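>>> sequence first, predicted coordinates after that:
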Amino acid sequence: MPDAPPRAPFSSSRRASGLGSLGAAKVTPASMPDTRNLTTLAGGVVVIAGLYLARDVLIPITLAFLLSLVLWPLIRLLRKARLGRVPSIVLAVLFALGVMLSIGGLIGSQLAELAQGLPRYQSTISRKVDAIQDMTIGRINALVDRAGSTARREAPAPAPPAPTPTQPAPTQPAPAQQAAPLPVEVHQPQPSPMEMAATYLSPVLSPLAHLGIVLIVTIFVLLQREDLRDRVIRLFGSSDLHRTTVAMDDAAYRLSRFFLTQVAINASFGMVITAGLMGIGLPSPILWGILAGLLRFVPYVGAILGALLPMALAAAVDPGWSMVLWTAALFVVIEPIVGHIIEPLAYGHSTGISPVSVVLSAIFWSWIWGPIGLLLATPLTLCLVVMGRHVDRLEFLDVLLGDRPALTPVENFYQRALAGDPDEAQEQAEVLLKERSLCSYYDEVALKGLHLAAADVRRGVVTASQLERIREAVIDLVEGLQDHTDVEPAPQQQQATRATRLSAAEQQLPREPRPKLPDPEEIPEEWRAEGSILCIAGRGPLDEISAILLAQILRKHGMGARVVPYAAVSRREIATLEVTGVRMICVCSVELRGVPSNLRYLLQRLRRKAPDAHMLVGMWQDDDQAQRDDDLRRSLGADALVASLREAVLDCAKVAQAGTPAAESNNGGGVPLAVGALARRS
């Protein structure tokens, strides 16, 4: 018995099931931007201009805030050691100052040592450049000269020119002796002691002044940490103080832990590079180790720049090429280990920032703040993403910069179907199926996506070609999921999938305990025959797709289901409908508006055609409680009314297992209705 739904009935009825009645949809033109959008745009321009013009003030403040996040775990440790709040902050800041001054002193001493060997390195580089030119351009020139000499030897010698009578050259008067130019020397006045101090001390005092500003602001930020947090809460989340307070504390803790971990990993990377370069024999290895660690804060290009600089020095130091190869091998081995093994173990596989936003943020912040902005691009972007996730007014930052899907699974399903891309829809489905059954995926994602499509069809914005594309994409998806079994995954697998692969929107899908669907062995043999259950599509343009979904789930649980398009049960064609062996009829409808008279007339025709069959109507509107009313069921003339595929399968299984005679299923209530109600309660 084949499991795949037959394609021929569906394809033959596409035109008859409502496609031709849609026609060309008229789309309302986009309206002009309102004042609020223009104000938002103007505000964004003002913010960017302020960031650029006030960079001399904002850079130290930003560095101070980031430094406070890095130092906060150390302050917490000092507070646990019975130190007061102020002494803990002062000790932490002094520790940071000592580390910075030590790094600056090491860099200065290494640069002085490197400057002494520059003439020797320059001569080595010149010899290597000359050797490379001799191997490339020199050989090309030699080949050109050889070809030219060969051509000259093969060419005939030119005839000597005819002699011409010579005439004596006219005598020229001797030029007068020119006067020698007078030498002119320009002497600068002797600089005063103040000018000499300004010339030599300004390159040193400027970084020290910025460092002092950063440390002072850091101290005040740490002292007023709670007050600053409360002010931010007042600005962005005063409507829900408890939720916003917990979110801000959690965000600050996560950011500080991330930054501290990143600093520790990059510092360790620099130490390993320093030790490796010492073993290779490269001059100033501490300098290159510090630069390699600092440049790792720059996304993507930082690691490459950190490797190119010592490789260039190795080429200048070693007359051969062995030192260059050893330096390159050191970075090729260490960088993948740190980037692909240590970092994922330390703070997860993702920082929460999309790869595109990492590159764009590096370009933006380097344009706004120069090299410092390039180093701060990733931390600043991560701060913005965390704020966007916890502050409702800043949610657009998470949408623009975060790595989480901007669309919910239902919206993504409909968007992929509308674009005619079943492959990406199947990829998302396979991720969700790791923690839910196939029936649950159809109920929670596919049917709700069909609701979105039905709403657009009702508004007249979906053309006939787009509707056909949606149908084809969903059918291809159903066929692609044919091999998946309809069972609930183990709880351990659900936890692992939810923790590592699901986005926040995907994690918000329902996870309530669901009634267990029957095993195929529990279904009586006569219900396993092909066509024992007819899944009949309603008149809606998407009803046939829901019938295909139901038929696939019924087959996976051992019940023989067959899909019947709406055209086959119309007033003209119902006489030719084959109902031999049909024990149950399931009418599928995606949307319900008012009292569906077309469904009532359809059920009347089916009653006359198959009076002994159990009639079930599936209206896949889980958010509409009116469909469960007995009045609606009685007005339709159905034996059971369900709102999800799971309820439909349970009702079919219970009717099959009850072994109720077909005649009793039409008594206007009786056992089948009780069975249907029991299925819904379970």
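Right, received. Where do you want to start?

>>> how far does the helix or strand hosting Val93 sit from its chain's centre?
Counting by DSSP states H and E, the element that carries Val93 is helix 85-116. Chain-centre distance of helix 85-116: 38 Å, with Cα atoms, centre = their mean, to the nearest Å.

>>> okay, which residue is most central for the chain?
Taking Cα atoms, centre = their mean, the centroid of the chain lies closest to Asp403, which sits 3.3 Å from it.

>>> which phi and psi does that residue have?
Main-chain dihedrals, Asp403, degrees, to the nearest 10: phi -100, psi 0.

>>> hey, which helix or strand in this structure has the poorest pLDDT?
In the chain, no helix or strand scores lower on mean pLDDT, DSSP states H and E than helix 670-681, which sits at a mean of 35.

>>> re the thing from before, okay, the residue nearest to the centre of the chain and Leu255: tell me how far apart.
Using Cβ to Cβ, to the nearest Å, we find Asp403 at a distance of 16 Å from Leu255. Where C-beta positions appear, they are placed from N, C-alpha and C, glycine not excepted.

>>> please apply the same query to Ile545.
Separation of Ile545 from Leu255 (Cβ to Cβ): 46 Å.

>>> now do Val356
22 Å.

>>> out of those two, which sits in the busier spot?
Leu255 (20 against 10; other Cβ atoms under 10 Å).

>>> three-state assignment of that one?
helix (DSSP: H, G, I helix; E, B strand; the rest coil).

>>> got the contact list for it?
When contacts are counted by Cβ atoms under 8 Å, 6 or more residues apart in numbering, Leu255 touches 69, 382-383, 386.

>>> sorry, back to before: am I right that the residue nearest to the centre of the chain is in contact with Val356?
No: the criterion here is Cβ atoms under 8 Å, and Asp403 misses it with Val356 at 9.5 Å.

>>> what residues sit buried inside the helix holding Val93?
By 16 or more other Cβ atoms under 10 Å, the buried positions in helix 85-116 come out as 88-90, 92-93, 96, 103, 107, 110.

>>> now swap in stretch 298-317 and tell me
Buried residues in stretch 298-317, counted by 16+ other Cβ under 10 Å: 298-299, 302-303, 306-307, 310-311, 313-317.

>>> got it, and stretch 426-442?
The neighbour-count check on stretch 426-442 (16+ other Cβ under 10 Å) flags 426, 428-429, 432-433, 435-442 as buried.

>>> what do you get for stretch 605-615?
Buried-residue list, stretch 605-615, by 16+ other Cβ under 10 Å: 606-607, 609-610, 613-615.

>>> how far does it stretch from start to finish?
Counting by Cα to Cα, to the nearest Å, you get 12 Å between the two ends of stretch 605-615.

>>> begin at 19, not 1, for the rest of this chat.
Yep, numbering from 19; the last one is stretch 623-633 now.

>>> pLDDT on that stretch, on average?
The average pLDDT within stretch 623-633 is 90.

>>> can you check stretch 128-142 too?
For stretch 128-142, the per-residue pLDDT averages 77.

>>> and the end-to-end length of it?
Terminal-residue distance, stretch 128-142 (Cα to Cα): 20 Å.

>>> gap between that stretch and the chain center?
Taking Cα atoms, centre = their mean, one finds the center of stretch 128-142 at 46 Å from the center of the full chain.

>>> hmm, who's touching it?
Residues outside stretch 128-142 that contact it (Cβ under 8 Å, 6+ apart) are 301-302, 304-305, 331, 333-337.

>>> okay, the nearest residue to Leu101 once chain neighbours are set aside: pLDDT?
Nearest non-adjacent residue to Leu101, counting by Cβ to Cβ, 6 or more residues apart in numbering: Leu109, 7.3 Å away. Confidence at Leu109, expressed as pLDDT, is 92.

>>> if I look at Leu109, how far off is Arg573?
70 Å.

>>> one more: Arg664?
Look at Arg664 and Arg573: by Cβ to Cβ, they are 15 Å apart.

>>> equivalent analysis for Gly62, please.
To Arg573, Gly62 is 54 Å away according to Cβ to Cβ.

>>> how about Glu609?
Plainly put, Glu609 is 25 Å away from Arg573 if you go by Cβ to Cβ.

>>> burial measure for Ala293, as a count.
Here the count is done by other Cβ under 10 Å, and Ala293 has 13 residues near it.

>>> repeat for Phe382
17.

>>> element containing it, please.
Secondary structure (DSSP H and E) places Phe382 in helix 373-408.

>>> just Glu665 next, same as before
helix 663-676.

>>> now Glu506
Going by DSSP H and E, Glu506 is not part of any helix or strand.

>>> what are the phi and psi values for it?
The phi/psi pair for Glu506 (degrees, to the nearest 10) is phi -80, psi 130.

>>> cool, and Leu535?
phi -80, psi 160.

>>> any idea how far it lies from Cys457?
Separation of Leu535 from Cys457 (Cβ to Cβ): 6 Å.

>>> what do the two both touch?
The contact lists of Leu535 and Cys457 share 504, 571, 664, 667, where a contact means Cβ under 8 Å, 6+ apart.

>>> most neighbours of all these, which one?
Most neighbours among the shared contacts of Leu535 and Cys457, by other Cβ under 10 Å: Val667, with 25 neighbours.

>>> surely that one touches Cys457?
Yes: under the criterion of Cβ under 8 Å, Val667 makes contact with Cys457 at 6.7 Å.

>>> between the two, what contacts are shared?
In contact with both Val667 and Cys457: 535, 571, using Cβ under 8 Å, 6+ apart.

>>> tally of neighbours for Ala658?
Here the count is done by other Cβ under 10 Å, and Ala658 has 27 residues near it.

>>> show me what it is bridged to.
On the basis of DSSP bridges, Ala658 takes part in beta bridges with Leu634.

>>> neighbouring contacts of stretch 277-285?
With Cβ under 8 Å, 6+ apart, stretch 277-285 has contacts from 84, 87-88, 91, 311-312, 314-315, 356, 360-361, 364-365, 397.

>>> any idea which of the buried residues of stretch 623-633 is the one closest to Leu412?
Distance to Leu412 across the buried residues of stretch 623-633 (Cβ to Cβ) is lowest for Met633, with 52.9 Å.
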